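Sequence plus predicted model, see below.
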Amino acid sequence: MRTCMIVGAGKGGQALLNILRETNMMNVIAIVDCNLDAPGIQIAREAGIAVYSDWKVVLTRFEIDVIIEATGNEAVFEEIRDKREKHTVLIPGSVANIVLNLIEEKEILIDTLQHQSKQQEIILDSTHDGMIAINVDEEVTLFNRSAEKITGIRKAQARGKLIGSLMASSMLPRVLSSGQPEVNQEQLLPNGRKIITTRIPMFDEEGKRIGALAVFKDMTAIEEMAQEVTNLKSIQSMLEAIIQSSDEAISVVDGDGKGLMINPAYTRLTGLERDEVIGKPATTDISEGESMHMRVLRTRKPVRGAQMKVGPSKREVVVNVSPVIVDGRLKGSVGVIHDISELHSLNNQLQRARQIIRTLEAKYSFEDIIGNSEEMTFSIQQAKLAASTPATVLLRGESGTGKELFAHAIHNASDRKYNKFVRVNCAAISESLFESELFGYEEGAFSGAKQGGKRGLFEEANGGSIFLDEIGEISLTTQVKLLRVLQEREIVRVGGSKPISINVRVIAATNAKLEKRIMDGSFREDLYYRLNRLPIQIAPLKQRKEDIAALANHLITKINQDYGRNVEGITPAAAEYLKEYDWPGNVREFENVLGRIVIHMDSSESMIDLAHIPSLLSEQKDAEILSVERTPEKTLSQLVDEFEKKTISQTLELYDGNKTATARALGVSLRNLYYKMEKHDIEKSSMQ
Ligand SMILES: Nc1ncnc2c1ncn2[C@@H]1O[C@H](COP(=O)(O)OP(=O)(O)OP(=O)(O)O)[C@@H](O)[C@H]1O
């Protein structure tokens, strides 16, 4: 290194001394100044540099290669120039000044660079990408905050360290030596995080390799985000699918009330297509007046159950609208429209279904009426004819002949079969209730009347048939009212004045001799003629005994079902025997007798035979002897008298006319027996 002497220790000399020492460019041997207080003198002394007041002395003591003249004094410069050794280089003070300026500029530059690098650091620290750079010695020169977060290594720890000691798996040394960039490489960090990184070699302006840089992203976070987005997307598509397939009409508007979404049900109901709604303000939307969406956006409160009519066909709907509030901010509103006209039509269908079920109340048809006798065939023919007309029918026949069965069959064969069949047992309803039951009543018609009044059975049967069983039993007052209904085809509720027109087919039935009733004044002749326009007489079983075998088989099937038995039928001999009996209770009695036979049969027996019947028939005979035919016109004392007469006659017969034995058997005195025999006109022959 060349030796140097600085002449002049003023400001310039001092600066030069500092530079030469810092840069190590030359070995400063001595500094010269006649003023030993000059600023450079002190620094020289501290640095162990010799201080002289005469430069010539220095030259005599040291081998000096370079003399720097820093006095700014031209005379001094010329003297040194002339007296120095030839090989010694002399640098004038002005040059030293230039150097000084350069130094100042360098300092400013350094300041600026430092400032810039601070700024760059801030920028690099604020980026989300991790960045690590190394120099050619593989020392870390850049380690930004994101790199710190992703790798978990402290920035302060990393700076200046060998990358290999910091992260053994780092590929930066490889890039540094190969000079080849490596783009978008996946890498697993020791802390378990997955990164995607791009590594590039760095060159200076002359193409010299100066280091390598890695820029990387945290894939774990990205993957988590991607997962969240995927989840959100699937929820969104699920919601969309639900909304699109919903039968409820749905519309969604944004916070400004502009249409965002509607579903096909909305278009079906309102007639509004997507392009008429999406992006358009919902100012009036589906109905007149303020839009429900706008009201909800204004008040931030839901609207529930608003009723309105919408669409070209003015369908009745109920609307529910709710605000959509996310994190306290109003994002829009969702409206759901329920079409209640569909509900109404469902309700109608339900009513219809109910009506069909009701027709099951009229459960028999002509197929259920058994009998091939001439009498029965004729009755069935008449009934079928009656079924095809709206006419009032009067079914006549003894008790148990099948009048109700015929009434069912007529209703079910008529065009009213899908409407109601209402059966009224006129004998069972008390006189006082009869009118209100049949014709209904208005609210307040009598004490105990229901609020809003009540429909009567005629209204109930509207569109269908009403079966007035035991019609002979109704009072004269009710007969007048019924006649009016049959003539006018309208009813007036009890306590009301407004006539209500009704469309009901009347099927009446009686076992009474109405003609006799007319004679004694208990039945109105005009009503009789009204009812008797289409009379159907059903013959008693004793007049059509040829029906017995077929009836027996039919009834056995029915009994098997009722009692869970498996009787197959009746032998011809048994059927013949049953024909000998008169069946005063007709088919009902026949059915009861067969039922009792079946119950008494052994489960191994499959056919009803003679052996099963005799005891039963004798029981029947006893019952017949001991029973009296109860007809509505008979009074209790008449019935008791009749029973008494039959009992006495039967007991006399049993004891071959022996009155003493008969009186004893009946628990009466002989005198009393005679008295009763006379009273009942029991034949003299049996009175011996
Ligand atoms: N021809 C028939 N074929 C099949 N079953 C019959 C027939 N006639 C009557 N029945 C049956 O006999 C029973 C009595 O019939 P129904 O009640 O119709 O007689 P009714 O004349 O209305 O009697 P009442 O005057 O006492 O009311 C019922 O179980 C019915 O099914």
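Looks like it came in fine.

Quick check: the residue of the protein nearest the ligand.
Gly402 (2.6 Å; CB to the nearest ligand atom). Where you see a C-beta, it was placed from the backbone N, CA and C, and this is true even at glycine.

Buried residues in stretch 665-685, which are they?
Within stretch 665-685, the residues that count as buried by 16 or more other CB atoms under 10 Å are Leu666, Leu673, Lys676, Met677, Ile682.

got a markdown table for the residues you listed, with pLDDT too?
Listed next are the buried residues of stretch 665-685 as a markdown table, based on pLDDT from 0 to 100:
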| residue | pLDDT |
| --- | --- |
| Leu666 | 84 |
| Leu673 | 83 |
| Lys676 | 88 |
| Met677 | 87 |
| Ile682 | 84 |
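
Dump those to a markdown table, plus secondary structure.
Formatted as a markdown table, the buried residues of stretch 665-685 follow (DSSP: H, G, I helix; E, B strand; the rest coil):
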| residue | secondary structure |
| --- | --- |
| Leu666 | helix |
| Leu673 | helix |
| Lys676 | helix |
| Met677 | helix |
| Ile682 | coil |
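
Give me the below-cutoff pLDDT ranges for the chain.
96-97, 99-101, 103, 283-290, 342-362, 447-449, 614-628, 654-656, 683-688 (pLDDT under 70).

Show me which residues of it are close to the ligand?
369-371, 397, 399-405, 469, 511, 551, 554, 587-588, 591 (CB under 6 Å from any ligand atom).

Filter those down to the buried ones and express that as a PyMOL selection.
Buried residues within the residues of the chain next to the ligand, by 16+ other CB under 10 Å, are selected in PyMOL with:
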select buried, resi 369+370+371+397+399+400+401+402+403+404+405+469+511+551+554+587+591
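
How is the chain partitioned into domains?
Following automatic domain parsing, one gets these domains for the chain: 3-104, 127-223, 246-343, 361-538, 542-621, 636-687.

Show me where the stretch 401-550 of the chain has its strands.
Per DSSP state E, counting those that start in this stretch, the stretch 401-550 of the chain carries strands over the ranges 421-425, 440-441, 454-455, 465-469, 490-492, 499-501, 505-510, 535-538.

Given the third one, what are its sheet partners and their directions?
Sheet neighbours of strand 454-455, with direction, are listed as strand 440-441 (antiparallel) (DSSP bridges).

Show me what the partner strand is in contact with.
The contact list for strand 440-441, computed with CB atoms under 8 Å, 6 or more residues apart in numbering, reads Ala449, Gly453, Lys454, Arg455, Gly456, Phe458, Glu459, Ile491, Arg493, Val494, Gly495, Gly496.

Sitting in helices, which of the residues of the chain next to the ligand do you find?
The members of the residues of the chain next to the ligand that map onto helices under DSSP state H are Lys403, Glu404, Leu405, Leu551, His554, Val587, Arg588, Glu591.

what's in contact with stretch 468-483?
With CB under 8 Å, 6+ apart as the test, stretch 468-483 has contacts from 394, 403-404, 407, 423-428, 431, 434-435, 438-439, 506-512, 514, 517, 522-524, 526-527, 530-531, 632.

show me what contacts the residue most central in space within the chain?
Geometric centre of the chain, nearest residue: Ser246, 9.6 Å, by CA atoms, centre = their mean. Ser246 makes contact with Asn263, Ala265, according to CB under 8 Å, 6+ apart.

Quick check on it: phi, psi?
phi -70, psi 140 (degrees, to the nearest 10).

Next one: it from Leu269, what distance?
According to CB to CB, to the nearest Å, Ser246 and Leu269 sit 12 Å apart.

re the thing from before, would you list the buried entries among the contacts of stretch 468-483?
Neighbour-count burial (16+ other CB under 10 Å) applied to those gives 394, 403-404, 407, 423-424, 426, 434-435, 438-439, 506-512, 514, 517, 522-524, 527, 530-531.

so what secondary structure elements neighbour the helix or strand harbouring Ser177?
Per DSSP states H and E: Ser177 is located in helix 172-178. Applying 3 or more CB pairs under 8 Å, 6 or more residues apart in numbering; DSSP states H and E, we find helix 172-178 packed against strand 130-135, helix 163-166, strand 194-203, strand 209-218.

How about residues contacting the helix or strand just after it?
Counting by DSSP H and E, the next helix or strand C-terminal to helix 172-178 is strand 182-188. With contacts defined as CB under 8 Å, 6+ apart, strand 182-188 is touched by Ser169, Met171, Arg174, Val175, Lys194, Ile195, Ile196, Thr197, Thr198, Arg199, Phe216, Met219.
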